[in-house]
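Q: Just a sequence and a predicted model for now, questions to come.
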Amino acid sequence: MDVLTQRKMAANLLDCGIDRVWIDPENLDKVKMAITKDDIRMLIKDGIILKKQKKGISKGRTKKLMEQKRKGRRKGPGSRRGAKGARTPKKRKWINTIRPLRKMLKDLREDDLLEKNAYRKLYRMAKGGAFRSKNHMKLYMEEHELFVKETNE
């Protein structure tokens, strides 16, 4: 049975496209008899004509991927774009290295574990990029015996 006119009216009333209008196949004769918008409204109220849900794009795969990225996966060389310093700029890398070194030197000086001249020397060396990390600097200090000998032995 052809109910194109009723389908168009229903689409207009439901504010959707013609393809999203669902008509109950068992009540097609009632739908065919409906000739006014009021008749269509009654059929919509009775549940004979319904508006189908919109088809969307599933976010399932995206959610799974983002969950993996939160765990720290998918960061290998094949996923990286741009130059070496693009992900973490050189300046930020330097800041992340020098601040802990200077803080450690300051703490050692305040606790009287370093003499002034040793502190100055290490500070200049750190500024020159001689140390990779705090552990590297500690190793250097131990090798060159720059710690002040404590008198609580």
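A: Here it is on my side, so go on. Given the structure is predicted, the values throughout are model-derived calculations rather than measurements. Residues are numbered from 1 along each chain as shown.
Q: Residue 80 reaches residue 74, doesn't it?
A: No - judged on Cβ atoms under 8 Å, residue 80 makes no contact with residue 74 at a distance of 10.4 Å. From N, CA and C alone the C-beta is placed, and that goes for glycine too.
Q: how is this structure carved up into domains?
A: Following automatic domain parsing, one gets these domains for the chain: 4-51, 89-143.
Q: How far does the last one sit from its chain's centre?
A: Which is domain 89-143. Remark: domain 89-143 is offset 34 Å from the chain centroid, using Cα atoms, centre = their mean, to the nearest Å.
Q: ok, now stretch 63-70?
A: 9 Å.
Q: buried residues in it?
A: Residues of stretch 63-70 classed as buried by neighbour count (16 or more other Cβ atoms under 10 Å): none.
Q: hmm, which helix or strand of the chain has the shakiest average pLDDT?
A: The helix or strand of the chain with the poorest confidence is helix 84-87; it has a mean of 88 (mean pLDDT, DSSP states H and E).
Q: Show me what secondary structure element comes after that helix.
A: Using DSSP states H and E, the helix or strand that follows helix 84-87 in sequence is helix 90-110.
Q: That next one packs against which elements?
A: The contact analysis (3 or more Cβ pairs under 8 Å, 6 or more residues apart in numbering; DSSP states H and E) places helix 90-110 against helix 116-127, helix 134-143.
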